[in-house]
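1. Quick one, fold the following:
(chains A and B)
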Amino acid sequence: MAIDPQLAADLKSQGVHVTSFEQLINWGRSSSLWPLQFGLACCAIEMIAATMAKYDMARFGAEVFRPSPRQADLMIVAGTVTKKMAPQVVRLYNQMAEPKYVIAMGACAISGGPFKDGYNVLKGIDRFIPVDVVIPGCPPRPEALLEGLMTLRDKIAKEKLMGKHRVRHADPNGAASFPVPEYGAHDLEPAVNRDIWNPPAITREGGEA
Amino acid sequence: MISDSSMPYSAPTLAPGADDDQLLHVSLGPQHPSTHGVFRMNVVLDGETVVSLKPVFGYLHRNHEKIAEGVTYLSSMPYTDRLDYICPLSNNWAYAHAVEKLAGIEVPERAEYMRVILAELTRLINHTAFMGFILGDMGAWGSALMYAFRERELILDLFEDLTGARMMANFMRFGGCRNDLPAGWAEKCSVLVDDYGPFLDEMEKFLVGNEILLARCQDVGQLPKETLINGGITGPMLRAAGVNYDIRKAEPYGIYERFSFRIPLGDKGDCYDRIMIRFLEMRESLKILRQALDQLPEGEYVNPKAKIRGFKPPVGEAYARIEGPKGELGFHLISDGTVNPYRYRVRPPSFINLTLLEDMCLGLDLADVVIILGSIDIVLGEVDR
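-> Now for the predicted structure:
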């Protein structure tokens, strides 16, 4: 940062807080994430438990669950995404206003989890929408969800809003919505959107691929 | 880029003579705060009155039965947790009960007591969470659920001590349970049972004379007893209408014959009765828990002769059922003598209780649909499987 940390600390002791525009915006965004009230399966119960008295997600400014995607910043994909449900999940994501973030909560949302072998289960929501934080577990404990939320807050606090490495939502050419898959004869069409996450093939040195 | 063709919508059929131009077609769900998961209802409204209601299932169909046919008998146990994910231990019991019936496995007495204790604690969790959710449907979003989940956490702490998991216990085994009660668990459970009565008093005090609750629930969603019986409705929904049918009494399983408890019955079968009957059931559960904890014997927690590895039941079929918190929960297994079942079928209470939804809702307001759906107490993991 351009501000000298020593100078900033001196000014702070005098009651003057110096910051950058980017930090201020990111601080505001990370401190009041409004999740979409959207439960899919078992994990949703733990998501509700995380907002209740014992775990109290309100401490982190994320207890205002909005039933409408238009008012939400954060989509917690809590539970198994089936092939029948996947287009609706993508559509909800598309309807959310920028900036928007996605937490994939639980093994099913990450990869299909225990139901991976099922003919109707999507093997990970990251096939269709970009995921910011994944929380493993089946279901993850409410503490794990809180940890995931803190991770997301850290991620938002470090976002670059300008320059070459700016985040997707600060880039005028960044995609705000993603194609909704359609029901095909046997599977969703397309079965996976390679533009979102295309892992490189793993090759080992001195061995076969 | 955004295409709408992936959400097929077929207009519901209407009664002949109905004027379609004046009707409003509403698609409630699959993402809707009142649908308790990913359930969808295509509702047709004339003004505010429901003319037609067609449920759409399958948004959480995750192939439980098909997966179970490909894995060993014991490997299906964790999947049963995820059927009705609010009360996993009842599901564990129903499945273990079915396999024990299929293979003729005896269950030791201490394990039977442990099962009763866990099943009744699960009933407490389910009915308490139900109170929170249905009051949320009526507009008290948050506060009632706070109370409910506060008590639920206390029971979950007990489950965690015993099984290592808060929700997905995977605890029952064929011929008993996975491990014995840890030291001091029964005493902790006993304290919880003593403290639960005052919590129910507190909760009931808020609700019994509550004007909003009375106005929104009384005389809503009644059906004749005959219709309910013909529809296969079980559990609190049926008993709220005054039909005395509880599998714990009608076809006692486990050791329920040893306990003295009563089956609370409703009067009219409206949503108010369905709420109140759950309070009464929780009080009866507390009675059972108190007796079971007092009588808890020493001994084996699992039948030592029961096989874990390479378990192959004889050729045959078995259907076993228990009184789950939501109704009759049954498992039908067909064995061909191999390590995995030939056919595995769940009889899910919430799905079958949901079949009469349209009959209950016709002629009422749209706002009543939300209450009726809440009073059925569905869990989508069990409806769609």
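
2. which non-adjacent residue is nearest B:G316?
-> Computed as Cβ to Cβ, 6 or more residues apart in numbering or on different chains, the closest residue to B:G316 that is not its neighbour in sequence is B:S335, at 5.8 Å. Just so you know, the C-beta spots here come from the backbone N, C-alpha and C atoms, and that holds for glycine as well.

3. What about that neighbour, how many residues nearby?
-> 22 (other Cβ atoms under 10 Å in any protein chain shown).

4. and if you look at the one 10 residues further on?
-> Counted with other Cβ under 10 Å, the burial measure for B:R345 works out to 18 neighbours.

5. same thing with B:A250?
-> Burial of B:A250 is recorded as 11 neighbouring residues (other Cβ under 10 Å).

6. what does B:L60 give?
-> Other residues near B:L60 number 28, with proximity taken as other Cβ under 10 Å.

7. now swap in A:F60 and tell me
-> Close neighbours of A:F60, defined as other Cβ under 10 Å, add up to 17.

8. residues contacting it?
-> A:33, A:146, A:149-150, A:153 (Cβ atoms under 8 Å, 6 or more residues apart in numbering or on different chains).

9. Model confidence score at the residue in the stretch 151-300 of chain B that chain A sits nearest to, please.
-> Nearest residue of the stretch 151-300 of chain B to chain A (Cβ to the nearest Cβ) works out as B:E153 at 4.8 Å. For B:E153, the pLDDT comes out at 92.

10. how about the nearest residue to it, chain neighbours excluded?
-> A:K54 (4.8 Å).

11. Nearest to chain B: which residue in chain A?
-> Closest point on chain A to chain B, by Cβ to the nearest Cβ, is A:G118, at 3.2 Å.

12. Show the model's pLDDT score for that residue.
-> 85.

13. neighbours around it, how many?
-> If you count neighbours by other Cβ under 10 Å, A:G118 ends up with 20.

14. ok, now B:A186?
-> 16.

15. Chain A: strands as residue ranges?
-> For chain A, the strands defined by DSSP state E cover A:74-78, A:101-105, A:133-135, A:182-183, A:188-189.

16. ranking the ones you listed by burial, who's on top?
-> Per-stretch averages of neighbours, counted by mean count of other Cβ atoms under 10 Å in any protein chain shown, single out strand A:74-78 among those, with a mean of 27.

17. Skipping adjacent residues, who's closest to the residue of chain A closest to chain B in space?
-> B:N63 (3.2 Å).

18. Quick check, pLDDT for that neighbour.
-> Looking at B:N63, the pLDDT reads 88.

19. That one contacts A:K116, doesn't it?
-> No: with contact defined as Cβ atoms under 8 Å, B:N63 does not reach A:K116; the gap is 10.1 Å.

20. low-scoring pLDDT stretches of chain A, where are they?
-> A:1-2, A:207-209 (pLDDT under 70).

21. quick check: longest helix of it.
-> When chain A is parsed with DSSP state H, its longest helix is helix A:142-157.

22. list the contacts for B:G58?
-> So B:G58 contacts A:82, A:84, A:120, B:384 (Cβ under 8 Å, 6+ apart).

23. go again using 10 Å as the cut-off
-> A:82-85, A:120, B:30, B:38-40, B:380, B:383-385 (Cβ atoms under 10 Å, 6 or more residues apart in numbering or on different chains).

24. cool, B:Y301 as well?
-> Contacts of B:Y301 (Cβ under 10 Å, 6+ apart): B:107-108, B:110-111, B:113-114, B:173, B:175-181.

25. Excluding sequence neighbours, find me the nearest residue to it.
-> B:D180 is the one closest to B:Y301 (Cβ to Cβ, 6+ apart), at 4.4 Å.

26. cool, and A:G113?
-> The shortest distance from A:G113 to any non-neighbouring residue, by Cβ to Cβ, 6+ apart, is to A:A107 (3.1 Å).

27. now that neighbour: how far from A:L146?
-> 18 Å (Cβ to Cβ, to the nearest Å).

28. higher neighbour count, the two?
-> Between A:A107 and A:L146, counted using other Cβ under 10 Å, the more crowded position is A:A107 (22 against 19).
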